[in-house]
Each structure stands twice: as C-alpha cells, then as structure tokens.
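[1] Give the three-dimensional model of this entry:
(chains A, B, C and D)
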2 protein chains.
Amino acid sequence: MAITENTEITEAITDAEWAVMRIVWTLGEADSHTIIDLVSQQHVWKAATIKTLIGRLVKKGALATTKNGRQFIYTPLIPEQTAMDTALTSQLDQMCAMCRGQAFVNAIDQTELSQTDIQELITHLQEKLTTAPTTITCDCLPEGYEGSC
Amino acid sequence: MAITENTEITEAITDAEWAVMRIVWTLGEADSHTIIDLVSQQHVWKAATIKTLIGRLVKKGALATTKNGRQFIYTPLIPEQTAMDTALTSQLDQMCAMCRGQAFVNAIDQTELSQTDIQELITHLQEKLTTAPTTITCDCLPEGYEGSC
DNA sequence: ACTTTACGTTTACAGATGTAAACTCTAATC
DNA sequence: GATTAGAGTTTACATCTGTAAACGTAAAGT
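    Numbers count the residues shown, from 1 in each chain, chains lettered A, B, ... in the order given. Sure, this is the predicted structure:
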C-alpha cells in the first residue's frame, strides 16, 4: 500500500515553483541538496527560499517524497507535459477565441522549434484543417451580443 | 499636450482583469456602466469588484480615461494581441525549451482554429522549417549540465 | 555519548490578487 | 437651490506568492 493516492492537483504551479519542478522533472528524482544546488545556479534565491518552494510543492501534491535515511527523495507527481498543457490552456482559455489563432502564430514565430516539432505541428494542422470551421466567433461579449476584436 | 505618455506597461494583466480588458478591447471604448453591465453577465462579481478592476487597470496603464460629463470613457492602451503575445510568451519562457514544441501540439489540438488560422500557421511553420535546427536542447539544468526531459 | 550538521518544518512579512463595502463628489432631477 | 443618484476613489480583508530567517531534530562525525 505504498502507492501514492492519485489526488487531483488543484492548485496551479506558480512561476517560482516552476523552477523547482523543472529540475525534478529533468532528473526524474532528486534530494533537496541537489535541487537547492541546481536552482541556486539559475536564480538568486537563498537556500531557504528553495526549501519553501519544495515544501509548498509537496503540500499541493506536485511532488512526492520518499524517505531515504535522514532526507527525502522528491519525485514529480504530475508529468511535465501535463503541467505545460494545463498552464498554456488555462492561459488561452481566458483569451478571445477568435484571436487565439493569431496568438499561436506570434508565439510560434518567437519560439525556437526543432524540425521534428515543426513537422509534427504541420501534420497535426493539416489533419485539423479537414474539420476546421470557416470562422471562429469572438466570445468576448456575453451571450446574445455580437462582437469582434 | 493631451497625448498620453507611452509608458511601458510593466505589470501584467491578472486573470480577473482580463475579463474587463476583453470587453474594452472588443468595444473599442466603453464607459464603466457598460463594462459593469457586460462583465456582470459573464462573472458573478459585484459591481464594486468590477470597479476595482477598472481602477487597477487604469493605474497600471492598461486603460486610458477620457472625461465625458460626469463619467469616463475607457479605452485600451495596449493592443489585445500584444497582451496575448506577452502572456503566452512569458508562460512559454519559463518552460523547458525542448518541450515547447509538444506543448504547442497539445495546445493546438485542444483549440478551435479557423481554416484561415490553420493555413497561416502552416505557412509560417513551413517557412520556419527552412531554418529550424535539428534539435532543441533541454535548458532545465544550469549552464554546464546536460539534461533532457 | 556528545557535538555538529544539515534536512525538513514553522514562522515571518511585504506585495499582489480576488472580492467587495463605504465614501465622496459632481451632475442630474425636482 | 436642495436632493438624489450614480461615477470614481478609498478602505478592507483574506489568500496567494515571493522571499527568507529561525527552529527542532535526527543523523553523522569525533
């Protein structure tokens, strides 16, 4: 019965917490010393600050702990890709539906992508094109109003 | 000398404030009565709450005011598309560079896009493909460490 | 066994954010 | 001109975030 409950992650991961999660996601697992060491090289944060972030992430169910002698080994409880999707999607969801396409264009323009990524995106988009609507309506105004931004 | 200073917007627009901005962006300009009326139909917020949001947006330079009798007309000081780009980009910037491509794939899968948007995206991606690197390196660990997530 | 580390926990505290009531005027109404 | 209503401003307050010191305790060293 050592399996961790699959408690749904309710709270979102904050900006500062992302830095900690990225280390753990990349290493797969890490003790606090490692996390503090690596994060310290990327941010001007005191060890105490990073400890707080780790603690909050454990509390909100983003990191699991396994006792290992005097210390803990931390492992991610949510997949990195899931967290990224959630973050991006909730951001997009609060933006005008009509403008999201343009937002993607601009974001993609400013993001370095590998050939493989680009090709996969193109494939997905070509597939998506077959069932895409002609237009997307602006949803910035309440039900019953017509708008366009 | 009635021109508003082009003060750079420093503070980001918060989630709740987005709701107000979307109304003003869509209408081009609006008085508080209109904003409160429309936002009230989308969120269970008291008029006082929406007033606060308007006030904060003015204070942080996202909305301009023009006196019109006893009241104000509010107009956006930052373009919607700019705000969207900034929000998306800052979100993406804190994520692993290597995983951003997949994040786009997933986000696009879950977003309704028009045929025109999709075609524009494909065009941009095809262009981007010509200069794209073979791979993007994971940048989750500090300088000098090799990682991959 | 005693001391020193160092890991995790508690406490702290300012500023941001969500949410809203109270208050102050000025413009509109009687 | 006195009154009222509605627009904007102030104040309020709990929670979340960023940032960190202080503390308790068990493991490690001597």
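[2] C-alpha from now on. contacts and neighbour counts both.
    Fine.
[3] Adjacent strands (with direction) for the helix or strand bottoming out on mean pLDDT in chain A?
    Among the helices and strands of chain A, strand A:63-68 carries the lowest confidence by mean pLDDT, DSSP states H and E, at a mean of 93. The pairing partners recorded for strand A:63-68 under DSSP bridges are strand A:71-76 (antiparallel).
[4] hmm, the strand it pairs with in reach of DNA strand C?
    Yes. Using Cα under 7 Å from any atom of the strand as the criterion, contacts between strand A:71-76 and DNA strand C involve A:Gln71, A:Phe72, A:Ile73.
[5] Out of those residues, give me the one that has the most neighbours.
    Taking other Cα atoms under 10 Å in any protein chain shown to define a neighbour, the member of those with the most is A:Ile73, carrying 18 neighbours.
[6] Not counting its neighbours along the chain, what's nearest that one?
    Closest residue to A:Ile73 apart from its sequence neighbours, by Cα to Cα, 6 or more residues apart in numbering or on different chains: A:Asp31 at 4.6 Å.
[7] tell me the phi and psi of the one you found?
    A:Asp31 has phi and psi values of phi -90, psi 170 when expressed as degrees, to the nearest 10.
[8] What residues does chain A have near DNA strand D?
    Neighbours of DNA strand D within chain A, by Cα under 7 Å from any atom of the strand: A:11-17, A:44-46, A:48-53, A:69-70.
[9] show me what contacts the most centrally placed residue in chain A?
    The geometric centre of chain A, computed from its C-alpha atoms, lies nearest to A:Met84 (Cα atoms, centre = their mean), at 2.4 Å. Contact analysis of A:Met84 by Cα atoms under 8 Å, 6 or more residues apart in numbering or on different chains lists B:Met95, B:Ala103.
[10] SS state for it?
    Secondary structure, DSSP: H, G, I helix; E, B strand; the rest coil: A:Met84 is helix.
[11] Now do the buried residues in the helix or strand hosting A:Ile108.
    Using DSSP states H and E, the element containing A:Ile108 is helix A:100-109. Judged by neighbour count (16 or more other Cα atoms under 10 Å in any protein chain shown), helix A:100-109 contains these buried residues: A:Arg100, A:Gly101, A:Gln102, A:Ala103, A:Phe104, A:Val105, A:Asn106, A:Ala107, A:Ile108.
[12] Can you list the buried residues in the helix or strand hosting A:Ala48?
    In the assignment (DSSP H and E), A:Ala48 maps to helix A:47-59. Counting neighbours by 16+ other Cα under 10 Å, one finds that the buried residues in helix A:47-59 are A:Ala47, A:Ile50, A:Lys51, A:Leu53, A:Ile54, A:Leu57, A:Val58.
[13] Is DNA strand C within reach of it?
    Yes. In this structure, helix A:47-59 sits against DNA strand C according to Cα under 7 Å from any atom of the strand; the contacting residues are A:Ala48, A:Lys51, A:Thr52, A:Gly55.
[14] Which two of those residues have the greatest separation?
    Largest separation among the residues of helix A:47-59 next to DNA strand C by Cα to Cα: A:Ala48 and A:Gly55, giving 10.5 Å.
[15] quick one on the thing from earlier: wait, what's in contact with the residue nearest to A:Ile73?
    Neighbour list for A:Asp31: A:Gln71, A:Phe72, A:Ile73, A:Tyr74 [criterion: Cα under 8 Å, 6+ apart].
[16] mind giving me the domain split of chain A?
    Domain assignment of chain A by automatic domain parsing yields the ranges A:15-76, A:96-138.
[17] Save those domains as JSON lines, and put in distance to B:Ile122 too.
    Output for those, formatted as JSON lines (distance: least, Cα to Cα, whole Å):
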{"stretch": "domain A:15-76", "distance to B:Ile122": "30"}
{"stretch": "domain A:96-138", "distance to B:Ile122": "6"}
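[18] Can you read off the pLDDT for A:Ile78?
    Here the pLDDT value assigned to A:Ile78 is 96.
[19] could you measure it against A:Trp25, distance?
    With the distance defined as Cα to Cα, to the nearest Å, A:Ile78 ends up 9 Å from A:Trp25.
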